[in-house]
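[1] Return a 3D structure for these sequence lines:
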Amino acid sequence: MVFLTASLAAFTVAAILGASIALDLFRGIPVDRKLILTHAGTAVLGAALAIGAALTGDKRVYLNIALVVVIALLGFTAATRRYRTGQVQKPLLLAHASIAVICYAILAAVVLGVNLGL
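    Here you go, the predicted model:
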């Protein structure tokens, strides 16, 4: 349970940073690259901790791990396109954020002991 709680904490920080980044991007405010890298780094930390939980036998996080792969690919694609074209890829960011919210909710339910029937 320590891995899952730490994973949720890391994803909480990533979520706060991600919300800040998204708000700035949708308002047209430039975002510091360090903030984006910190967001990505905390998300990677959260994913690594979830993988640690899975490796210790906790099968409840398998769906989260699969979702994190999709979330990371969408985020990386959106960031790459933004840096190449200068255009904010709003549909990609919305997909990234939407799936991240679902993933976070599932992880929070697992940590808090809510039975999801998974």
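[2] Run the chain-centre distance for stretch 30-50.
    8 Å (C-alpha atoms, centre = their mean, to the nearest Å).
[3] and stretch 101-110, which residues are buried?
    Neighbour-count burial for stretch 101-110 flags 103, 104, 106, 107, 110 (criterion: 16 or more other C-beta atoms under 10 Å). For every residue, glycine as well, the C-beta is placed using N, CA and C.
[4] low-scoring pLDDT stretches of the protein, where are they?
    For the chain, residues meeting the criterion pLDDT under 70 lie at 116-118.
[5] Tell me which residue lies farthest from the centre of it.
    The C-alpha centroid of the chain is most remote from residue 85, which lies 23.6 Å away (C-alpha atoms, centre = their mean).
[6] From residue 23, how far off is it?
    Residue 85 sits 21 Å away from residue 23, going by C-beta to C-beta, to the nearest Å.
[7] Repeat that for residue 14.
    Taking C-beta to C-beta, one finds residue 14 at 15 Å from residue 23.
[8] now swap in residue 81 and tell me
    Distance, residue 81 to residue 23, by C-beta to C-beta: 19 Å.
[9] correct me, but residue 20 touches residue 35?
    Yes: using C-beta atoms under 8 Å, residue 20 is in contact with residue 35, at 7.2 Å.
[10] Report the distance from the helix or strand hosting residue 72 to the chain centre.
    Counting by DSSP states H and E, the element that carries residue 72 is helix 62-85. Taking C-alpha atoms, centre = their mean, one finds the center of helix 62-85 at 9 Å from the center of the full chain.
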